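K.L.:
Build me a model from this:
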Amino acid sequence: MKRNLFKPMMDRKRIAVDICIEPWITWPLWFRNEIGDLPELAPISEGLKLEAYALNKQFKESIHDCKVTDNFYVDNLETLKKLNESALALKFKLERELGGDYEVRGQYLDLSTDGHVINRSVKASMYRRALQGRSAEEVFKVRWRNHSCR
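P.N.:
Below you'll find the model as predicted:
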C-alpha cells in the first residue's frame, strides 16, 4: 500500500511551511502540500522569495566545512547571531504574508559541544519570547563554542 505523505498535512486546517536552512539547497522553504519546494508555486511575493534565497546565500557564505567530520562551523558568535536573526525575521514575514491558513515552522542554528552547527526547530516558548520583541540572541540562547576539530 502506497502512503500519501501530503495527506496528513492536507487534512489539517493550516498548511505547514518549513524553513530549512541547509548548505546544499538554494530555496529554503518547503510547503507541506502540492507546492512542495517549488518556488514558482509559492504563494508569496517576489520580494519575499528573494529574501528566502538570500537567507540560504547568507548561510552558505557564513559556514565552513569541517576537515575532520562531515559537519560545518561558523567563525564567531556574531555570524551565528546574524544568521539566527535573519531566519527569525523570515519566519515573521512569511507569517504576515501567508496569513492564518499557513503554519510557518522556523529553524535556528545551535552549536554542538565541539562547535559544529546544528539546525533546530523553533519551539513555542522561543516564539513567544520573539513576539515579546526580544532579540534572536535572547530567544534562542545559543552558547558559543569554538570549533575544536581544527
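
K.L.:
Give the residue spans of this structure that score low on pLDDT.
P.N.:
Scanning the chain with the threshold set as pLDDT under 70 gives 1-12, 150.

K.L.:
mind listing the strands in it by residue range?
P.N.:
Using DSSP state E, the strands of the chain run over 15-19, 29-31, 63-65, 72-74, 102-105, 107-111, 117-121.

K.L.:
of all those strands, which lies closest to Cys149?
P.N.:
Proximity to Cys149 (CB to CB) singles out strand 72-74 among the strands of the chain, at 7.9 Å. In this view, the C-beta of every residue, glycine as well, is placed from N, C-alpha and C.

K.L.:
so how far is the closest one from its chain's centroid?
P.N.:
Relative to the centre of its chain, strand 72-74 is centred 16 Å away, using CA atoms, centre = their mean, to the nearest Å.

K.L.:
show me what contacts the most centrally placed residue in the chain?
P.N.:
In the chain, the residue lying closest to the centroid (CA atoms, centre = their mean) is Gln107, at 3.5 Å. Gln107 makes contact with 18-21, 87, 119-122, according to CB atoms under 8 Å, 6 or more residues apart in numbering.

K.L.:
my guess is Glu77 meets Trp144, correct?
P.N.:
For residue 77 the amino acid is Leu, not Glu. Yes: assessed by CB atoms under 8 Å, Leu77 is found in contact with Trp144 at 4.3 Å.
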